[in-house]
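Trainee: Sequence plus the predicted model coming up.
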Amino acid sequence: MVNMEKEVLDGNGFTDDTAPSPSHEELPQLKIVSLFPNPTGDESKFESADMINLGKQDVDLSGWKLRDAANKNCFLDDLGTILSNEIVQIQRQNQDMALHNAGDTISLIAPNDKVVDTVRYNKTQSGRVFFFTSQF
Ligand SMILES: [Ca+2]
């Protein structure tokens, strides 16, 4: 098991400024741009997230996943490679991880199990998109 520090969420916004930062090794600079937790229609299919690659290197998404506060995963393997400066949309497509309408904390996890980004949101209404502008 990786010995990770327990996260402390500041609770006063939608982004987590205390998210773990790269320490020993250089992690790809992938960030969660936005979340769409409450789409019209089938939520288990159409919940979605946008992710950006702010690094100079393209990143193969094999082994990457999103994880919700209940430790359910959404695997990103099928998305292929995210290019430098590219934004990619992730659709849930019946994967286990849910973007809960009552609020949630969503983490982006690298293949080595390191958390590279964490965002959170509060209760949401149908059709609302959360945009995590401070990530830029
Ligand atoms: Ca939902």
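Mentor: Structure's in. What do you need?

Trainee: what about the strand or helix carrying Gln89, near the ion?
Mentor: Per DSSP states H and E, Gln89 falls inside strand 87-91. No. Judged by Cβ under 5 Å from the ion, strand 87-91 makes no contact with the ion; its nearest approach is 12.6 Å. Where you see a C-beta, it was placed from the backbone N, CA and C, and this is true even at glycine.

Trainee: Can you tell me which residues in the chain are near the ion?
Mentor: Counting by Cβ under 5 Å from the ion, the chain comes close to the ion at Pro37, Glu43, Leu99, Asn101.

Trainee: Tabulate those residues (JSON lines), appending pLDDT.
Mentor: Rendered in JSON lines, the data for the residues of the chain next to the ion read as follows (pLDDT from 0 to 100):
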{"residue": "Pro37", "pLDDT": "98"}
{"residue": "Glu43", "pLDDT": "96"}
{"residue": "Leu99", "pLDDT": "98"}
{"residue": "Asn101", "pLDDT": "97"}
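
Trainee: Most neighbours of all these, which one?
Mentor: The most neighbours of any of the residues of the chain next to the ion, using other Cβ atoms under 10 Å, belong to Pro37, which has 26 neighbours.

Trainee: ok, now which ones touch that one?
Mentor: Glu43, Glu47, Leu99, His100, Asn101, Asp104, Tyr121, Thr124, Arg128, Phe130 (Cβ atoms under 8 Å, 6 or more residues apart in numbering).

Trainee: Filter these down to just the ones in strands.
Mentor: Counted as lying in strands by DSSP state E, out of the contacts of Pro37, are Asp104, Tyr121, Phe130.

Trainee: What are the boundaries of the strands in this structure?
Mentor: Using DSSP E, strands in the chain cover 30-36, 48-53, 59-60, 65-67, 73-75, 81-82, 87-91, 103-109, 115-122, 130-131.

Trainee: want to throw those strands into JSON lines with mean pLDDT?
Mentor: Output for the strands of the chain, formatted as JSON lines (pLDDT from 0 to 100):
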{"stretch": "strand 30-36", "mean pLDDT": "96"}
{"stretch": "strand 48-53", "mean pLDDT": "97"}
{"stretch": "strand 59-60", "mean pLDDT": "97"}
{"stretch": "strand 65-67", "mean pLDDT": "98"}
{"stretch": "strand 73-75", "mean pLDDT": "98"}
{"stretch": "strand 81-82", "mean pLDDT": "98"}
{"stretch": "strand 87-91", "mean pLDDT": "97"}
{"stretch": "strand 103-109", "mean pLDDT": "98"}
{"stretch": "strand 115-122", "mean pLDDT": "96"}
{"stretch": "strand 130-131", "mean pLDDT": "94"}
